[in-house]
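Chemist: This is a predicted model, with the sequence first.
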Amino acid sequence: MSVVPAGVLPGAAALDDGGAGDAAAVLGPRARLWPSLVAVYRAQLSRARVARIPLLFVATFQSVGIMIMMRGVVSGGGEAESVVAGASIVVVAYVALNLLAQYFGQLRATGGLDHYATLPVPPAAVVLGAAGAYASFTVPGTIVTAVFGCTLFGLPLANLWVLLAVIPLAGAALSGLGAACGLLAPRPELATLLGQLGMSAALLLGVLPAGRMPEPVRLARDLLPSTYGVEAYARTFATHPDWAFVAGDLTVCAGVGVVSLALATWAYRRAAVR
């Protein structure tokens, strides 16, 4: 058997001059962020639809039950506005923070991140696509909770459209935190615990009227991203809402969302290379 020198093979000169890099570029071009994000979002939405709808019902039922319970304590006024706004955002916290932390925790524990690591998609697309899919499930439950709460406490429904801005912005902030918890937790059980604690904090600090909280608890409330979504929606119940303050609260939600999603993207890169 004779061995043919590599130098006489067709195209050998091109490979010697960096053709290998060109070939790799042709064989595996890296996908752009936006098409990758849409593809991941659709895949996650399709996979999670059947499994998450019952859990979304639980989240909505939980928030409605909280408002019914609080109806015997709060009669109306600013406290009722806080209860309705807080209970509405709890639906977002349950799905975007709690369930997303569990999802990424299980994905990391079962080696599911290896699948995404082999795909030519940016890490940000994986995080944003999954976060967007989970946050999308919160829209029906949040609106149902808000309508029921306004009817229960006799609050106006005129500015219900503000939830179309509150849900994605508060959802982005909470989804980023949920994904980061799931990706950074060493075990899926710990990711579940962190998600549950975060949701409990959003429930207690968001639903209970701030005026009845001690000062240290109010400071902790101000550190919770969902608080600003609650405040933004609660302000719209006024006869003449101060839209500048509403926009300010939404801006804080957006800023925290950018930071938390960036943190989740970094956590994804860190977990994927291990």
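Modeler: Cool, the structure landed.
Chemist: contacts and neighbour counts: CA atoms only from here.
Modeler: Noted.
Chemist: Sort out which residues of the helix or strand hosting Pro168 are buried, please.
Modeler: Using DSSP states H and E, Pro168 sits in helix 163-184. Buried residues in helix 163-184, counted by 16 or more other C-alpha atoms under 10 Å: 163, 165-184.
Chemist: who are the neighbours of the helix or strand following that helix, in terms of helices and strands?
Modeler: Next along the chain after helix 163-184, taking DSSP H and E as the criterion, comes helix 188-207. Packing partners of helix 188-207 (3 or more C-alpha pairs under 8 Å, 6 or more residues apart in numbering; DSSP states H and E): helix 77-92, helix 100-109, helix 163-184, helix 215-223, helix 225-235.
Chemist: Turn those into JSON lines, columns for distance to Gly248 and mean pLDDT.
Modeler: Output for these, formatted as JSON lines (distance: least, C-alpha to C-alpha, whole Å; pLDDT from 0 to 100):
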{"stretch": "helix 77-92", "distance to Gly248": "17", "mean pLDDT": "91"}
{"stretch": "helix 100-109", "distance to Gly248": "27", "mean pLDDT": "89"}
{"stretch": "helix 163-184", "distance to Gly248": "12", "mean pLDDT": "92"}
{"stretch": "helix 215-223", "distance to Gly248": "14", "mean pLDDT": "87"}
{"stretch": "helix 225-235", "distance to Gly248": "8", "mean pLDDT": "93"}
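Chemist: So for Leu152, which of those helices sits nearest?
Modeler: Evaluated with C-alpha to C-alpha, the helices and strands packed on helix 188-207 place helix 77-92 nearest to Leu152, the distance being 9.2 Å.
Chemist: could you say what helices and strands that closest one packs with?
Modeler: helix 33-71, helix 138-153, helix 163-184, helix 188-207, helix 225-235.
Chemist: okay, the angle between it and helix 225-235?
Modeler: 130 degrees (axes from the mean of the first three to the mean of the last three C-alpha atoms, to 10 degrees).
Chemist: and helix 77-92, C-alpha only, in PDB?
Modeler: Taking C-alpha atoms only, helix 77-92 is exported to PDB below (Å, rounded to 0.1, in the frame of the first residue of the first chain):
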ATOM      1  CA  GLY A  77     -58.800  52.800  49.100                       C
ATOM      2  CA  GLY A  78     -55.000  52.600  48.600                       C
ATOM      3  CA  GLU A  79     -54.700  49.400  50.400                       C
ATOM      4  CA  ALA A  80     -57.100  47.600  48.100                       C
ATOM      5  CA  GLU A  81     -55.200  49.000  45.100                       C
ATOM      6  CA  SER A  82     -52.000  47.500  46.500                       C
ATOM      7  CA  VAL A  83     -53.600  44.100  47.100                       C
ATOM      8  CA  VAL A  84     -55.100  43.900  43.500                       C
ATOM      9  CA  ALA A  85     -51.800  45.100  41.900                       C
ATOM     10  CA  GLY A  86     -49.700  42.800  44.000                       C
ATOM     11  CA  ALA A  87     -51.900  39.700  43.500                       C
ATOM     12  CA  SER A  88     -51.800  40.300  39.700                       C
ATOM     13  CA  ILE A  89     -47.900  40.400  39.700                       C
ATOM     14  CA  VAL A  90     -47.700  37.300  41.800                       C
ATOM     15  CA  VAL A  91     -48.900  35.400  38.800                       C
ATOM     16  CA  VAL A  92     -45.900  36.700  36.900                       C
END
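Chemist: contacts for it?
Modeler: 56, 59-60, 63-64, 66-67, 70, 74, 135, 138, 141-143, 145-146, 149-150, 153, 155, 167, 170-171, 174, 199, 202-203, 206-210, 226, 229-231, 233-234, 237 (C-alpha atoms under 8 Å, 6 or more residues apart in numbering).
Chemist: filter those to the buried ones?
Modeler: Judged by 16+ other C-alpha under 10 Å, buried ones among these: 56, 59-60, 63-64, 66-67, 70, 74, 135, 138, 141-143, 145-146, 149-150, 153, 155, 167, 170-171, 174, 199, 202-203, 206-210, 226, 229-231, 233-234, 237.
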